[in-house]
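1. Sequence and predicted model, in that order:
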Amino acid sequence: MRRPHRHPVGGENLSRASTVVTRNTIRIFLADGEPTGILLAEFSNWTGKVLVAPRSQLDQLSKREEVRRTGVYLLVGPDPDDPSRALAYIGEGDNVLKRLLRHNKNEAKDFWERTVVIVSKDESLIKSHAANVHLGPSLAV
């Protein structure tokens, strides 16, 4: 079993483990003014941007320039074999929108109700970066 790290505080070693807390700010923008619609999230000290949208609003999401960038995306919905569980398909692409539109026509991926798109704010994410983040075809959660 790994022992917890001890962090010096004020020049003294602690006799018990302490936790270093890193505080971040998450800014969430309601793109259409609705909490159930398209959401944009930015984190302080991170160059990424997250967009979340219901599948039913794919047309509105397609109007955002961010989804035409290189990125990673998740298609999330109930698992067809066990509706009490969620299923997530994880993918990546040079143009995330093209991939989303292709998946939207694919009956094998009919389960998804919500999409999550992760791109960089400064367009520094490239295909090889996205491929490293891409974890596999699907996860049941």
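-> Okay, I see it.
2. Can you get me a residue count around Pro83?
-> By other Cβ atoms under 10 Å, 11 other residues sit near Pro83. Any C-beta I mention is one placed from the backbone N, CA and C, and that applies to glycine too.
3. other SSEs contacting the lengthiest helix in the chain?
-> Identified as the longest helix of the chain according to DSSP state H is helix 96-105. Packed against helix 96-105 by the contact rule (3 or more Cβ pairs under 8 Å, 6 or more residues apart in numbering; DSSP states H and E) you find helix 58-61, strand 71-79, strand 82-93, strand 114-120.
4. Make a markdown table from these and add mean pLDDT and distance to Phe29 to it.
-> Below are these laid out as a markdown table (pLDDT from 0 to 100; distance: least, Cβ to Cβ, whole Å):
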| stretch | mean pLDDT | distance to Phe29 |
| --- | --- | --- |
| helix 58-61 | 96 | 14 |
| strand 71-79 | 94 | 17 |
| strand 82-93 | 92 | 23 |
| strand 114-120 | 94 | 14 |
